[in-house]
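Undergrad: Fold the following.
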Amino acid sequence: MKRLISTAIVCLLLVCGCGYHLPGRGEALPDDIQRVMIEPFNNKTAEPFLETQLTNEIHDQFSRRRTLEVVSTAELADAILSGTITSYRSSSVSYDLNDDITEYRATMVVEAELIRANGEEVIWQGSVSWREEFFANDDRAQQDYNETLAQEELSRRLAQEVYNRITDNF
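TA: Prediction:
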C-alpha cells in the first residue's frame, strides 16, 4: 500500500513538472511586446476572399484572448503580424459504389511572421496548414455552400494555430 502511494506521488510530480500548459497561455513573447497590429493577409491562391476571412479570424483570436492588445496602426504597435495564404486546394477523398465523389478535402497553407514594429527583429515566423472535409452534393449551390463552411472552419483553425504558435513559441 505504501509503495502504491509513493508511486502515485512520483507520477503526479512528474506530470506536474513536465512543462505542460494550455495552448495560448505561454510566456514566449518578449515582455516589451504588448500591442500588435494585424496587417491584412495576402492571398497567392486563385480562391477569392480567403485572405479577408483569415485576417478577420486572426484578429478575433487576438482580441478574444487578450494576451496582446490589437491596435490599428503601426505607430501604436510594438509588433506587426503579417502573412500570406500560399496554398489552397480542394480534392476528392471518398467515392460511392458508382465511383461518384461523396466527400472533398480542402487544405490551406499560411505563412506568417510577427516582427517588431521598427522592423529590426523577427519575433516569430512559421508556416501552418489545416485540412477540412466537406460533403459533395449534386446541387452545385449546396456544394459551394459546403465548401464555404469548410473554408470558414479552415480560417478559424489556422487563426488559432497562428495565435498558439506565436504565444507558445512552437
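Undergrad: so what's residue 52 up against?
TA: Shown in contact with residue 52 (CB atoms under 8 Å, 6 or more residues apart in numbering): residue 40. Every residue, glycine included, has its C-beta placed from N, CA and C.
Undergrad: Roughly how far does it sit from residue 90?
TA: Using CB to CB, to the nearest Å, residue 52 is found at 19 Å from residue 90.
Undergrad: quick one, helices of this structure?
TA: With DSSP state H, the ranges of helices along the chain come out as 2-16, 50-65, 140-168.
Undergrad: Need the CA coordinates for stretch 132-142. CSV is fine.
TA: This file holds the C-alpha atoms of stretch 132-142, laid out as CSV (Å, rounded to 0.1, in the frame of the first residue of the first chain):
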residue,chain,number,x,y,z
GLU,A,132,-11.2,20.2,-43.5
GLU,A,133,-13.5,17.7,-45.2
PHE,A,134,-16.9,18.7,-46.7
PHE,A,135,-19.6,16.7,-48.5
ALA,A,136,-20.2,16.7,-52.2
ASN,A,137,-23.7,17.4,-53.4
ASP,A,138,-25.5,17.1,-56.8
ASP,A,139,-26.8,20.6,-56.3
ARG,A,140,-23.8,22.9,-57.2
ALA,A,141,-25.0,25.7,-54.9
GLN,A,142,-25.2,23.4,-51.9
